[in-house]
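K.L.:
got a predicted structure plus its sequence, pasted below:
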Amino acid sequence: LLGRPAVLRTYTTTQLPEGAPSDAPVRVILTIDAQTYALLDVAVLAEGAAESTAERPLRAQQFELLAEAPADAPFTLPDNTGVVQRIGMGSVRFPFVDRRAQLTIEDAAQRENGELLAPLQLPGDHMRGLAFQNGGRDNQVILLYEGEFQNVLLLPSFNPRGSQSLGAEQTAGTYRYRVMQNESSAGITALVYHPDTPDQGIGLILNDTFSTAAERQASLQALIASLTPVNEQSLPRLRAQFAPPDSSAGHSE
C-alpha cells in the first residue's frame, strides 16, 4: 500500500472503537506497515453481505520513511503562539508534565509523608509509571501509568464537586470506592477510601480505549484491591514500574 510492504489483519466485531454497538456484526480489515507497524488503512465491511461498500475511518494518504536526514536540515515547527516546544517529555499523552516536576517514586513517597498509595497490579503488562507534582495550589504528587491505549492516574487527594454524582459504595480488597457517574465511553473515575477514614479519599482514573464497560470495571476493581503504601517493603517491587525508558527508545523534543 502506497509503495510500502504491508500485512493484513482482520476480525469480526459488533463494537467498533468509540462507536455504538451494532446488532449486525461487521468485518474490520487493518492494513499495517510490515516494517514500522504503522496503521495505514482501516476498512469496515458488513459481515456476510454479498455486496458491501467499505467504510474507511482511517486511511493514510502519504507515507514516507527516510533512512537518514541531512545534519543541516533538522525538523522544525513554525514559530507562532499555537506551537509549544517541550524537551524531554515524560509523557506523550500528557505533554504538560514538565520534566523538572518529575520525581522518583522514593521522592514521591517522602513528599507525601509515607501516605502515598500505588497499585501493584496494573491493567497492562508493559505499563510505565511516572511520578510528578501537579504544580497547583495543593502541589500534590500524581502517579501516572501509561501503556498501549491505556493510562491510569492516581490522585492522592480527591474531593469531587457537588455537581459530580457518585454511584453506590463498592468493595475492592480492604478498600471502598464509589464510581463517578456519566463518565466518558473510554474512561472511568472512582473515589477510593479506607472504611476507617472515609473522609480521606484518593482519586483513581482509568482510561482504556478498546475495553468494554465491564472490562474497565473489572480492571478498576483489581487496581483498587492492589493498592499498597509506598514504603521500604513495597519499593523493590514498585521500582520496576517506574524505571525510565531504555536509551534505545531515543529522545523526544
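P.N.:
Great, that's in hand.

K.L.:
residue 142 and residue 15: what is the separation?
P.N.:
Distance, residue 142 to residue 15, using CB to CB, to the nearest Å: 31 Å. (C-beta placed from N, C-alpha, C; glycine too.)

K.L.:
with neighbour numbers in mind, choose between those two.
P.N.:
A side-by-side neighbour count of residue 142 and residue 15, using other CB atoms under 10 Å, places residue 142 first with 21 against 13.

K.L.:
so that one is in contact with residue 154, correct?
P.N.:
Yes: using CB atoms under 8 Å, residue 142 is in contact with residue 154, at 6.9 Å.

K.L.:
show me where the stretch 151-253 of the chain has its strands.
P.N.:
170-172, 175-179, 187-194, 197-208, 227-229 (DSSP state E, counting those that start in this stretch).

K.L.:
same deal with the stretch 1-150 of the chain?
P.N.:
6-13, 26-33, 39-46, 55-59, 102-103, 117-119, 128-133, 141-147, 150-155.

K.L.:
these: lowest mean pLDDT?
P.N.:
Note on those: lowest mean pLDDT is at strand 55-59, with a mean of 82.

K.L.:
below-threshold pLDDT in the stretch 101-250 of the chain: ranges please.
P.N.:
Scanning the stretch 101-250 of the chain for pLDDT under 70 picks out 114, 135-138, 161-163, 182-185, 245-250.

K.L.:
picking up where we left off before, closest to residue 97 out of the strands of the stretch 151-253 of the chain?
P.N.:
Closest to residue 97 of the strands of the stretch 151-253 of the chain is strand 197-208 (CB to CB; 14.8 Å).

K.L.:
which one's the longest helix in the chain?
P.N.:
In the chain, with assignment by DSSP state H, the single longest helix is helix 213-225.

K.L.:
what's opposite residue 41 in the beta bridge?
P.N.:
According to DSSP bridges, the partner residues bridging residue 41 are residue 31, residue 59.

K.L.:
any chance of the strands of the stretch 151-253 of the chain in CSV with mean neighbour count as columns?
P.N.:
CSV is the format used below for these (neighbours: other CB atoms under 10 Å):
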stretch, mean neighbour count
strand 170-172, 15
strand 175-179, 20
strand 187-194, 20
strand 197-208, 17
strand 227-229, 17
